[in-house]
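Enquirer: turn this into a structure:
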Amino acid sequence: MVQRQLPNPRELAELMKFKTPTLNPTDRRLEKALTIADLRAIAKRRTPKAPFDYTEGAAEGELSLARARQAFQDVEFHPSILRSVPVVDTSVEVLGGRSALPFGIAPTGFTRLMQTEGEVAGAGAAGAAGIPFTLSTLGTTSIEDVKAANPTGRNWFQLYVMRQREVSYGLVERAAAAGFDTIFFTVDTPVAGARLRDKRNGFSIPPQLTPGTIINAIPRPAWWINFLTTPPLEFASLSTTGGTVGELLDSAMDPTISFDNLDVIRSMWPGKIVVKGVQTVEDAKLLADRGVDGIVLSNHGGRQLDRAPIPFHLLPHVVREVGSDLEVHIDTGIMNGADIVASVALGAKFTLIGRAYLYGLMAGGRRGVDKTISILKGEVERTMKLLEVATLDELEPKHVTQLSRLVPVTRPVAAAAERVAETAPVTL
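Expert: Numbers count the residues shown, from 1 in each chain. As a prediction, the model looks like this:
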């Protein structure tokens, strides 16, 4: 029988400890976010449907994106035990410079549509965290303004070769003059993928005020106030706007680009050159033979060819073939620091985050991007400590098993199935 007594006022007083309330609404929202999924939920509440779906969506049935994320979820870790790992070193040497973390911010187009601070917030947060920031050809902040936002950090530039070659070449020259140290030559966008959410939403550049968008704006006044009271969107590479994203891309991109264009850019560019959008081992080997500094295994976040290869599944095969000749990076589907650790364990030199960064931006501008980086940093550190590795160099394939739901059907198996079907009795 438990003996009961009246509460002791002194003991009760020790339990009554109240947290000082956070008065700033943005800080209050961000304090509650513990994961990238939490930031996404905040972003969805605060952003109109069309720009949110542009960020969130992918091509056609969105299978490539779903499979890429599933691949990271289907990871089994194999931790060591009884190693002393009180602290971990998350820094890495990438493309001739240091990054405090094994991830950087990927190039994203039309970024100020998600939140008005756009690339300035991303570049400033990356610089503060000691990681690289990548500006897109279709960015909404100039090369020079990104440099001003991140004057001492590492800035990279993602390049599309446009139909108007002089536009692309001019951007290369401006990026070099501004001190950007790496070009990401993107090769997976000869034409725009079929981004059906954008078509269904009537999403255009710039956004149009229609009855639907006005109704959708009512619970999200802050986004529209920011959009309508800040300078209009400007694009370094597009002389005209007005139309869907797909229409703009199709009018600007050149499906005839080839290895010759890569050679031209290589001759113009004084820094490192990385080819982004590699999706086969064969192409990785060709690029290694041509002397590029790195490649990014990427299916463009699932936004181009649906049912494209899963970069994370492709990673160990590419590393085995070319990992000693060039740096292998990876993007698409990264939503957790554990995804980053698994990628490094399987040989990736570096990783890039796109949607995770934009969710933070939409949730809280610059502070939201800081929160994204902080969440991922904490997850990377915690995963490394639980695996009991002190540095990224200690991560090895033995730490990870890729569990696959999508097992390719080999030709002999398919042929055997066909023979069985041919000889099976017919039931009427």
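Enquirer: from here on, just use CA atoms for contacts and neighbour counts.
Expert: Will do.
Enquirer: so Leu352 lies in a strand, does it not?
Expert: Yes. Leu352 forms part of a strand when assessed by DSSP: H, G, I helix; E, B strand; the rest coil.
Enquirer: that one against Ile105, yeah?
Expert: Yes. Using CA atoms under 8 Å, Leu352 is in contact with Ile105, at 5.6 Å.
Enquirer: mind listing the strands for this protein?
Expert: In the chain, the strands defined using DSSP state E lie at 75-77, 92-94, 97-99, 103-105, 133-135, 155-159, 182-186, 272-278, 294-297, 327-330, 350-353, 400-402.
Enquirer: show the contacting residues for Thr152.
Expert: Gly127 (CA atoms under 8 Å, 6 or more residues apart in numbering).
Enquirer: tell me how far it lies from Ala129.
Expert: According to CA to CA, to the nearest Å, Thr152 stands 12 Å off from Ala129.
Enquirer: cool, and Arg28?
Expert: In this view, Arg28 and Ala129 are 22 Å apart by CA to CA.
Enquirer: which one of these two has more residues nearby?
Expert: Higher neighbour count among Arg28 and Ala129: Ala129, with 18 against 12, using other CA atoms under 10 Å.
Enquirer: tell me the phi and psi of the closest residue to the more buried one other than its chain neighbours?
Expert: The shortest distance from Ala129 to any residue other than its chain neighbours is 7.1 Å, reached at Ala100 (CA to CA, 6 or more residues apart in numbering). The phi/psi pair for Ala100 (degrees, to the nearest 10) reads phi -70, psi -20.
Enquirer: hang on, Ala100 packs against Ala128?
Expert: No. Look at Ala100 against Ala128 with CA under 8 Å: they stay out of range, at 10.2 Å.
Enquirer: please say which of those two ends up with more neighbours.
Expert: Ranked by neighbour count (other CA under 10 Å), Ala100 and Ala128 place Ala100 first, with 16 against 13.
Enquirer: check whether Asp325 really touches Leu287, as I assumed.
Expert: No. Applying CA under 8 Å as the test, Asp325 and Leu287 come out as separate, 9.8 Å apart.
Enquirer: so for the two, which sits in the more crowded spot?
Expert: Applying other CA under 10 Å to Asp325 and Leu287 shows that Leu287 carries more neighbours, namely 21 against 16.
Enquirer: what segments of the stretch 51-200 of the chain are helices?
Expert: In the stretch 51-200 of the chain, the helices defined using DSSP state H, counting those that start in this stretch lie at 63-73, 118-129, 143-149, 165-177, 196-201.
Enquirer: now do the stretch 301-428 of the chain
Expert: Here the stretch 301-428 of the chain has its helices, by DSSP H, counting those that start in this stretch, at 311-322, 337-345, 355-387, 411-423.
Enquirer: what's across from Ile273 in the sheet?
Expert: Listed by DSSP bridges, the beta-bridge partners for Ile273 are Ile183.
Enquirer: under the pLDDT cut-off, which ranges of the stretch 251-400 of the chain? List them.
Expert: Scanning the stretch 251-400 of the chain for pLDDT under 70 picks out nothing.
Enquirer: go with 80
Expert: Residue ranges of the stretch 251-400 of the chain with pLDDT under 80: 251-252.
Enquirer: so what's Arg67 up against?
Expert: Counted by CA under 8 Å, 6+ apart, Arg67 has contacts Ile310.
Enquirer: could you do the one 3 residues further on as well?
Expert: Gln70 makes no contacts at all, as judged by CA under 8 Å, 6+ apart.
Enquirer: same check, this time on Glu327
Expert: Taking CA under 8 Å, 6+ apart, we find Glu327 in contact with Leu95, Asp293, Gly294, Ile295, Ala348, Lys349.
Enquirer: now do the last one against Arg98, distance only.
Expert: Using CA to CA, one gets 12 Å for the distance from Lys349 to Arg98.
Enquirer: between the two, who's got more neighbours?
Expert: The residue with more neighbours, out of Lys349 and Arg98, is Lys349; 25 against 15, by other CA under 10 Å.
Enquirer: tell me how far that one lies from Ile273.
Expert: 15 Å.
Enquirer: again with Phe185
Expert: 7 Å.
Enquirer: what does Tyr160 give?
Expert: Distance of Tyr160 to Ile273, given as CA to CA: 13 Å.
Enquirer: now swap in Asp188 and tell me
Expert: Distance from Asp188 to Ile273, counting by CA to CA: 16 Å.
Enquirer: kindly report the same for Pro408.
Expert: Here Pro408 is placed at a distance of 33 Å from Ile273 (CA to CA).
Enquirer: also Leu171?
Expert: 14 Å.
Enquirer: repeat for Leu135
Expert: Distance, Leu135 to Ile273, using CA to CA: 14 Å.
Enquirer: higher neighbour count, the two?
Expert: Neighbours per residue (other CA under 10 Å) separate Leu135 from Ile273, with Leu135 holding more: 30 against 24.
Enquirer: which residues sit in contact with that one?
Expert: In this structure, Leu135 makes contact with Ala106, Pro107, Thr108, Glu119, Ile143, Val146, Asn155, Trp156, Phe157, Gln158, judged by CA under 8 Å, 6+ apart.
Enquirer: burial check on Glu11, number of neighbours?
Expert: 9.
Enquirer: over to Ser80?
Expert: 12.
Enquirer: from Ala348, how far off is it?
Expert: The separation that Ser80 has from Ala348, given CA to CA, amounts to 21 Å.
Enquirer: do Gly104 as well
Expert: Gly104 is 13 Å from Ala348, by CA to CA.
Enquirer: and what of Ala66?
Expert: Relative to Ala348, Ala66 is positioned 21 Å away (criterion: CA to CA).
Enquirer: repeat for Ala123
Expert: Applying CA to CA, the value for Ala123 to Ala348 is 23 Å.
Enquirer: show me which of those two is the more surrounded one.
Expert: The neighbour comparison of Ala123 against Ala348 (other CA under 10 Å) goes to Ala123, with 29 against 24.
Enquirer: residues near the closest residue to Pro316 other than its chain neighbours, how many?
Expert: Among residues not flanking Pro316 along the chain, Leu346 sits closest, at 5.7 Å (CA to CA, 6+ apart). Leu346 has 23 neighbouring residues, counting by other CA under 10 Å.
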